[in-house]
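Chemist: sequence unavailable; structure follows:
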């Protein structure tokens, strides 16, 4: 599956291959971005064993990663 990236998806220095891996294998749920766009939140462990959260949105025919970071970096820890 092709996956595009915006520069904000690289903010936390997560390798793009790890982001793609979580999109392909992680648990997904609908979400809304901080910009109000409907998107998909993926949470899963990448190929290095690090849990990531990734948010994608559909832009045209392509999925675009707009956020990717290790879950441990989240300030408001999820339960």
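Modeler: The structure has been received and is ready for your questions. The shown structure was predicted, so the numbers you read here are calculated from the model rather than taken from an experiment.
Chemist: now the residue nearest in space to the middle of the chain: which helix or strand?
Modeler: Central residue of the chain (Cα atoms, centre = their mean): residue 54, 1.3 Å from the mean position. Residue 54 belongs to strand 51-59 when assigned by DSSP states H and E.
Chemist: also residue 4?
Modeler: Using DSSP H and E, residue 4 sits in strand 3-5.
Chemist: wouldn't residue 37 be in contact with residue 55 here?
Modeler: No: Residue 37 is not in contact with residue 55 according to Cβ atoms under 8 Å; the separation is 9.4 Å. All C-beta atoms are positioned from the backbone trio N, CA, C, and that covers glycine.
Chemist: comparing these two, which residue is more hemmed in?
Modeler: residue 55 (22 against 14; other Cβ atoms under 10 Å).
Chemist: mind pulling up the pLDDT for the more buried one?
Modeler: Reading off the confidence values, residue 55 has pLDDT 96.
Chemist: not counting its neighbours along the chain, what's nearest it?
Modeler: Closest residue to residue 55 apart from its sequence neighbours, by Cβ to Cβ, 6 or more residues apart in numbering: residue 67 at 4.0 Å.
Chemist: in a strand, the one you found, correct?
Modeler: Yes: according to DSSP: H, G, I helix; E, B strand; the rest coil, residue 67 belongs to a strand.
Chemist: tell me how many other residues surround it.
Modeler: 22.
Chemist: separation between it and residue 48?
Modeler: Noted for residue 67: a distance of 18 Å to residue 48, by Cβ to Cβ, to the nearest Å.
Chemist: how about the strands in this protein?
Modeler: 3-5, 27-32, 38-45, 51-59, 62-70 (DSSP state E).
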